[in-house]
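> please work out how this folds:
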Amino acid sequence: MQRNTFRTGINPVGTNIITGNAKVVRTINRGMILNIIREMQPISRINIARLTGLNKSTVSSIISNLLEEDLIIEQVSEGQSVGRSPLNLYLKLGKFYVGSFNIDSAVTRMAIADLDGSIKGTSSIDTDPKDPRKFVRRCVSELRSLCKNLGIQHLEGLGVSIGGIVDSKNLIVNFAPNLGWEDFNIGETIRESMPELKNISVGNDAKASALAELWFGSHDVDLSNFVFLSIGPGIGSGIVVQNRLLDGEYQASGEFGHMVIYEGGEHCTCGNNGCWEAYASDKATVSRYIKKKYPDAKDGVPLSIQDIVALSKKDDSDAVEILKQTGYYLGLGISNIIKAIDPHVIIIGGRITQVWELIYPEIMTVVTKRAYFGRKKSIKILPTSLNVLPRLLGAATLAIQEIFNGYKITD
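Numbers count the residues shown, from 1 in each chain. Below you'll find the predicted structure:
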């Protein structure tokens, strides 16, 4: 899909000039050109030179290398009535694939994706986090089976998304409370099981979701500064500032789920009371419904957020009321995020967006009252545009990003 603005950190002409080691500069320029082709395709060499400010010979040389790597293709533009038809560049699909894992507390999903983010196949298994190394090896085995079923013999990389604090540089899960993992070197375990992989990427699931929205989302809005909220068993967020995903000093940026909105309120899994997550997460929504509908139940009632959503669509008044309450609580937290980050857009992902018509008015009522302070323009709050589970596509995007940001593919 062609866009009018760059969404993934590309520096168009007139911005910062890159200087330094010639090999490094060429690698950066390669990544910039490849990203422009991905975002603006079909596009000609001349237009790439205009957009980047690079001279034509540099562009032509890099394009030649990308053609040799088989990452792009060149085709004659159709419909040219006068003169020679220009050659346009496109990504080449169907050759380089990446794998992805989204490790959630209940279900772990696997997928294989092409360079444009299209998912070629998926699989899932129940999450069993007691022995993390053993479980990751099982995930690898499931991914290999998926590759075999799809007739894919080679993966260019693997991306993994996990709820918690993740050291993406060293591929270590620092703390995943819902899994009970701490200081787990997941990258090492994957390398032992898949030594043929050229790149491995690991990240927080909400941040990965934000990256997927940035790269493959279809909202026609400026996403240079936005926050992605992932609503699930907990609440995670990915913050994008000037087209860059914000990690923070200790990889813990965006832990808004554990900001306190009610001092001394509901107990949270983090050990504190009154956290946003304890009111607006899927787990909190289900808990409120069970307390209201089955106040005398002594044992756990087997309901999920999907059940509450389905009941609301059948005009269950209690389900509708509870979901509206969740919208109110989401609005409280979003108001604080707006005051702290001042984003252009906030995008929400999760099953809760299936009842957008219920929660959005409640969110906006609270946000309008608490967050704007006389702003002339309100911040857009939108459901995710991704039609694939954002956390799963986000994991794939982590690996795809490595290819586009200078990672060299060789046969």
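> so which bits of the longest helix along the chain are buried?
Longest helix of the chain, by residue count under DSSP state H: helix 317-341. By 16 or more other Cβ atoms under 10 Å, the buried positions in helix 317-341 come out as 319-320, 322-338, 341. Glycine gets a C-beta too; all of them are placed from N, C-alpha and C.
> per-residue confidence averaged over it?
For helix 317-341, mean pLDDT rounds to 96.
> check which helices and strands that helix is in contact with.
Packing partners of helix 317-341 (3 or more Cβ pairs under 8 Å, 6 or more residues apart in numbering; DSSP states H and E): strand 226-231, strand 235-241, helix 277-280, helix 282-293, helix 305-313, strand 345-349, helix 356-370.
> now with 7 Å?
Packing partners of helix 317-341 (3 or more Cβ pairs under 7 Å, 6 or more residues apart in numbering; DSSP states H and E): helix 277-280, helix 282-293, helix 305-313, helix 356-370.
> turn the ones you listed into CSV, including mean neighbour count.
Formatted as CSV, the helices and strands packed on helix 317-341 follow (neighbours: other Cβ atoms under 10 Å):
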stretch, mean neighbour count
helix 277-280, 27
helix 282-293, 19
helix 305-313, 18
helix 356-370, 16
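> could you dump those to a markdown table with distance to G94 and mean pLDDT?
As requested, those are exported to a markdown table (distance: least, Cβ to Cβ, whole Å; pLDDT from 0 to 100):
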| stretch | distance to G94 | mean pLDDT |
| --- | --- | --- |
| helix 277-280 | 41 | 96 |
| helix 282-293 | 37 | 95 |
| helix 305-313 | 34 | 97 |
| helix 356-370 | 35 | 95 |
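> turn the ones you listed into JSON lines, columns for distance to E402.
Below are the helices and strands packed on helix 317-341 laid out as JSON lines (distance: least, Cβ to Cβ, whole Å):
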{"stretch": "helix 277-280", "distance to E402": "31"}
{"stretch": "helix 282-293", "distance to E402": "31"}
{"stretch": "helix 305-313", "distance to E402": "33"}
{"stretch": "helix 356-370", "distance to E402": "33"}
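> may I see the buried residues of the helix or strand of the chain with the lowest mean pLDDT?
Least confident helix or strand of the chain, by mean pLDDT, DSSP states H and E, is helix 22-40 with a mean of 88. With burial defined by 16+ other Cβ under 10 Å, the residues of helix 22-40 counted as buried are 26-27, 29-40.
> now for V345: which residues touch it?
Shown in contact with V345 (Cβ atoms under 7 Å, 6 or more residues apart in numbering): 221, 223, 226, 379-380, 382.
> and the furthest pair within those residues?
Largest separation among those by Cβ to Cβ: L223 and I379, giving 12.8 Å.
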